[in-house]
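Trainee: Sequence and predicted structure below; questions after.
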Amino acid sequence: MKSTAPQKASRGTASCSRLPRWFVVWFVIAMSLFCRDSYRQVFRWLQRYRKGGTPGRSTLCEARRSVGVAPLRYLAEQVIQLSARPNTPQAFYSGMRLMGCELGTPVLWKSLIKPHRRGEHPMARHIRRFLAENRLLLWDRNFLSYDLVQQVVTRRAHLLARVKSNLIFTPIRRLRDGSFLAKLYPSPRHRARDEGGLVVRIIEYTFDDAGRPGSAETHRLLTTLLDERHHPAQDLIVLYHERWEQELAYDELQTHQRERPVLHSQTPGGVVQELSDLLLGHFVIRKLMCDAAELAEVAPRELSFVNTLKILRCRLPEAPRSAKGLQRWYNDLLSEVAAEVLEPRRDRVNPRVIKRKMSNWLKKRDKHRHFPQPTTTFRKSIVMLD
């Protein structure tokens, strides 16, 4: 006699309706906010009141793979936007928007994903395409080049960058604040012939505080802001250190948001998709902080990124579906985040060192990703030796 009782679901799976693509996109973005949680737990956070079972991990993996890379890359390009307003504190200097990422918010505005064998310098040319008028780019010395300065000038933007000690600058005119005008050439041959030089301003300085790194050493900045009356040298020296907000934004994403030493993905396409998700997730957090900072009347950088992420993780599963309820939920979320104002930063430095963990295990390679698997049980594989 055939049984009429419902069949028990197989282990590791659960019956569920077909997942719509729009939900899978939300699911993938949510993975960047709940990085330490499993696929099934992330699904539960998004479908807290859903009736029925939770799909198995393989189902969610296949759904994620079916979406692919292009929709998430396109979404990141369309959604991640500059967030600072003209009245946003610490986001502008003399009417120019401070750019590295967007330093005032700090939002990781534009990105480029390439294989690890590609260096940063060719990739930087892609990012520089987005420079526009009335933007001040703060750049590290390893990226400074004649082409960079020329591109900045052509786009009617401005540059403030560190300069390597091996570059030669002959003063053309000394300025009242101690800086001087000089020319930057494409090559030593052009300098010898005085051909194609760009007029720039060089600021040389040092520190007399023995407790600061680089004390008694010579430091140099290059800028296209040539007027020392409107842009005094000391103001630009202090301003350049705003560039560290870019490094802090990287730390937010890599250390606090991701929370994992490695990514979930095991394929190149999955890695690109996951990196896009992380950038989208970081923008969600930072946009929330920008709105909350405006409510609290502080700079976005004065709010705690870590606490905002924790609050969002707690409140996101509670988000209602109705538009009216969702607006009320978001207003309450802003009020909670606006209360997370940080203490003023202390004037301190830390040594640039790392603590490297030594291990006798071999480094993971591609051949280890599809390692041979057992073909029988442990007990059946035992062979007794005479």
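Mentor: All right, it came through fine. Numbers count the residues shown, from 1 in each chain.

Trainee: can you pull out the helices in the chain?
Mentor: Using DSSP state H, the helices found in the chain span residues 21-31, 39-46, 57-67, 70-79, 120-127, 146-154, 188-193, 233-240, 244-251, 268-296, 305-315, 323-338.

Trainee: rank these by pLDDT, which is bottom?
Mentor: Lowest mean pLDDT within the helices of the chain: helix 120-127, a mean of 78.

Trainee: Please enumerate residues in contact with that helix?
Mentor: Here helix 120-127 makes contact (Cβ atoms under 8 Å, 6 or more residues apart in numbering) with 110-112, 114, 142-143, 147-148. Bear in mind the C-beta positions are built from the backbone N, C-alpha and C, glycine included.

Trainee: If you rank these by neighbours, which is first?
Mentor: residue 148 (21 neighbours; other Cβ atoms under 10 Å).

Trainee: before we move on, back to that, which two of the contacts of helix 120-127 have the greatest separation?
Mentor: Of all pairs drawn from those, the greatest distance, 20.8 Å, lies between 111 and 147 (Cβ to Cβ).

Trainee: and the residue nearest to residue 334 when sequence neighbours are not counted, what does it touch?
Mentor: Of all residues not flanking residue 334 in the chain, residue 292 sits nearest, at 4.8 Å (Cβ to Cβ, 6 or more residues apart in numbering). Residues in contact with residue 292 (Cβ under 8 Å, 6+ apart) are 303, 308, 334-335, 337-338, 340.

Trainee: try it again with 7 Å
Mentor: Listed by Cβ atoms under 7 Å, 6 or more residues apart in numbering, the contact partners of residue 292 are 303, 334, 337-338.

Trainee: Residue 302 too?
Mentor: Counting by Cβ under 7 Å, 6+ apart, residue 302 touches 293, 341-342.

Trainee: For ChimeraX, write the selection for the buried entries among the residues you listed.
Mentor: To isolate the buried ones among those in ChimeraX, judged by 16 or more other Cβ atoms under 10 Å, type:
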select :293,341
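
Trainee: Go through the contacts of residue 302 and say which is closest to residue 104.
Mentor: Proximity of the contacts of residue 302 to residue 104 (Cβ to Cβ) peaks at residue 293, which lies at 10.2 Å.

Trainee: If we ignore the residues flanking it in sequence, what's nearest that closest one?
Mentor: residue 300 (4.3 Å).

Trainee: list the contacts for the one you found?
Mentor: Residue 300 neighbours (Cβ under 7 Å, 6+ apart): 88, 104-105, 289-290, 293.

Trainee: would TSV of the contacts of residue 302 with distance to residue 374 be doable?
Mentor: Formatted as TSV, the contacts of residue 302 follow (distance: Cβ to Cβ, whole Å):
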residue	distance to residue 374
293	55
341	55
342	52
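
Trainee: Now stretch 247-256 - C-alpha only, PDB.
Mentor: The C-alpha coordinates for stretch 247-256 follow below in PDB (Å, rounded to 0.1, in the frame of the first residue of the first chain):
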ATOM      1  CA  GLU A 247      43.300  54.200   4.300                       C
ATOM      2  CA  LEU A 248      40.800  54.200   7.100                       C
ATOM      3  CA  ALA A 249      38.000  53.400   4.600                       C
ATOM      4  CA  TYR A 250      40.000  50.400   3.300                       C
ATOM      5  CA  ASP A 251      40.400  49.200   6.900                       C
ATOM      6  CA  GLU A 252      36.700  49.600   7.500                       C
ATOM      7  CA  LEU A 253      35.900  47.300   4.600                       C
ATOM      8  CA  GLN A 254      38.700  44.800   5.000                       C
ATOM      9  CA  THR A 255      38.800  44.400   8.800                       C
ATOM     10  CA  HIS A 256      35.500  45.500  10.300                       C
END
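
Trainee: contact partners of that stretch?
Mentor: 101, 106, 108, 278, 282, 305-306, 309.

Trainee: hang on, the earlier thing: need the winner for burial among the helices of the chain.
Mentor: Most buried of these by mean neighbour count (mean count of other Cβ atoms under 10 Å) is helix 268-296; its value is a mean of 21.

Trainee: what's the angle between it and helix 21-31?
Mentor: Here the directions of helix 268-296 and helix 21-31 differ by 70 degrees (axes from the mean of the first three to the mean of the last three Cα atoms, to 10 degrees).

Trainee: any idea how far helix 268-296 is from the chain center?
Mentor: How far helix 268-296 lies from its chain's middle: 8 Å, per Cα atoms, centre = their mean, to the nearest Å.

Trainee: what's around residue 320, how many residues?
Mentor: 12.

Trainee: Was I right to think residue 206 contacts residue 213?
Mentor: No - Residue 206 lies out of contact with residue 213 (Cβ atoms under 7 Å); the separation is 11.7 Å.

Trainee: what's the straight distance from one end of stretch 360-370 to the other?
Mentor: End-to-end distance of stretch 360-370 (Cα to Cα, to the nearest Å): 22 Å.

Trainee: so what's the nearest residue to residue 41 once chain neighbours are set aside up against?
Mentor: Using Cβ to Cβ, 6+ apart and skipping the chain neighbours, the partner closest in space to residue 41 is residue 34 (7.1 Å). Residue 34 is in contact with 42, 45, 313, counting by Cβ under 7 Å, 6+ apart.

Trainee: re the thing from before, between the contacts of helix 120-127, which is closest to residue 375?
Mentor: residue 114 (39.5 Å).

Trainee: Chain neighbours aside, what residue packs nearest to the closest one?
Mentor: Nearest one to residue 114, counting by Cβ to Cβ, 6+ apart, is residue 123 at 5.7 Å.

Trainee: if I look at the one you found, how far off is residue 142?
Mentor: 13 Å (Cβ to Cβ, to the nearest Å).

Trainee: Mind listing the shared neighbours of these two?
Mentor: Common neighbours of residue 123 and residue 142, using Cβ under 7 Å, 6+ apart, do not exist here.

Trainee: Residue 32 is in contact with residue 313, correct?
Mentor: No - using Cβ under 7 Å, residue 313 is not in contact with residue 32, being 11.4 Å away.
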